[in-house]
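In: Give me the fold of what follows.
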Amino acid sequence: MAIAPALCRCTTVRRHASECKRRIKNWLDNVKRTRTLVTTLYEVVMGDSALGPLQGLSRRKWLVGALALGASAAFVWYRVQDDAANASGTAGGRLLTFSPEEASIVLAIAEAVTPSDAVFPDIARTQVLRRFDEELFFTSEDVISDIRAAIQLIAWMPLAYGYMSRFQRLDLESRRDVFRRAHNSSVSVFRAASSGLRLMLQLMYFGHDASWQALGYDGSFTHLPQQLSEQRKFYAKAVEVKK
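Out: As a prediction, this is how the structure comes out:
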């Protein structure tokens, strides 16, 4: 009677061993396909004559390269998640349009395109991020998609100018340098993204009454108190519900 359990255990072990062999084979096949893809891309970019060094690489070297690439991707993912975690505490409240990562990028851009003199209020007081989020909440998905693409382009744009960091991790002067160079760039999409976001964020900043005194503007002629539109009331209630 003891033979049957032993046979069952042997069968289970063989089944697990077979499954492990199948997974290892699939993994090796994926490595081979990745090597073929990288070789093809390298040929397209560098030309046929540049393939000599790659063709002589052993499987071990390819695996080391793949591991290094994976480590780099993991590092980038960690930095993105870290940015998102930091943004969750600095976004100035709940948002309905922007993700935490996008909020951190928008805040960094707003700091770079608005005055930093002591007489001017900071972007938290003028609620730049929340007002921008509010305006986008009532626009079409096509517009929101374009804005998101521009934000992500700005986030990685420093790499084009020799900065080995994402935009939101640069110091203030470096961020402003990136925007100046993007404004004068020969790449039209760089100019469009930087100019468009700067215009919208400055509109949110200078449109807030907290910045008027520094500008020498004393408000409207009638000096009537601000009346919130139905749209702004709806957004305020939606933010409260999300909390």
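In: Quick one: residues contacting the closest residue in space to residue 126 that isn't next to it in sequence.
Out: With C-beta to C-beta, 6 or more residues apart in numbering as the criterion, residue 126 has its nearest non-adjacent residue at 4.0 Å, and that residue is residue 208. All C-beta atoms are positioned from the backbone trio N, CA, C, and that covers glycine. Shown in contact with residue 208 (C-beta atoms under 8 Å, 6 or more residues apart in numbering): 121, 125-128, 131.
In: Sort out for me which of the residues you listed are in strands.
Out: Among those, DSSP state E puts none in strands.
In: who wins for most neighbours among these?
Out: residue 128 (29 neighbours; other C-beta atoms under 10 Å).
In: quick one: contacts for it?
Out: So residue 128 contacts 106-107, 110, 114, 201, 204-205, 208 (C-beta under 8 Å, 6+ apart).
In: Residue 139: which of these is nearest?
Out: Ranked by distance to residue 139 (C-beta to C-beta), these are led by residue 204 at 14.1 Å.
In: from memory the closest one sits against residue 136, does it?
Out: No. Contact between residue 204 and residue 136 fails when scored by C-beta atoms under 8 Å: they sit 10.9 Å apart.
In: neighbour count winner among those two?
Out: Taking other C-beta under 10 Å, residue 204 and residue 136 do not tie; residue 204 has more neighbours (22 against 18).
In: What's the separation between the more buried one and residue 158?
Out: Taking C-beta to C-beta, to the nearest Å as the measure, residue 204 falls 23 Å from residue 158.
In: now the helices: where do they sit in this structure?
Out: Secondary structure of the chain (DSSP state H): helices located at 3-46, 52-55, 59-88, 100-113, 128-137, 141-156, 172-183, 188-206, 212-215, 230-242.
In: comparing those, which gets the lowest mean pLDDT score?
Out: Ranked by mean pLDDT, the helices of the chain end with helix 52-55 at the bottom, a mean of 50.
In: give the contact list for residue 147.
Out: Residue 147 sits in contact with 136, 197, where contact means C-beta under 8 Å, 6+ apart.
In: Apply 10 Å and report the result again.
Out: Residues counted as contacts of residue 147 (C-beta atoms under 10 Å, 6 or more residues apart in numbering) are 97-98, 102, 106, 132, 135-136, 139, 193, 196-197, 200.
In: so what's residue 238 up against?
Out: Taking C-beta under 10 Å, 6+ apart, we find residue 238 in contact with 94, 96, 134, 137.
In: By neighbours, which of these wins?
Out: Result: residue 134 is most packed of the contacts of residue 238 (other C-beta under 10 Å), 21 neighbours.
In: Excluding covalently adjacent residues, which one is nearest to it?
Out: residue 235 (4.8 Å).
In: For residue 210, see how far away the closest residue to residue 212 other than its chain neighbours is.
Out: Nearest-residue entry for residue 212: residue 219, 6.3 Å, with adjacent residues in sequence omitted and distances by C-beta to C-beta, 6+ apart. Distance check for residue 219 against residue 210: by C-beta to C-beta, it reads 12 Å.
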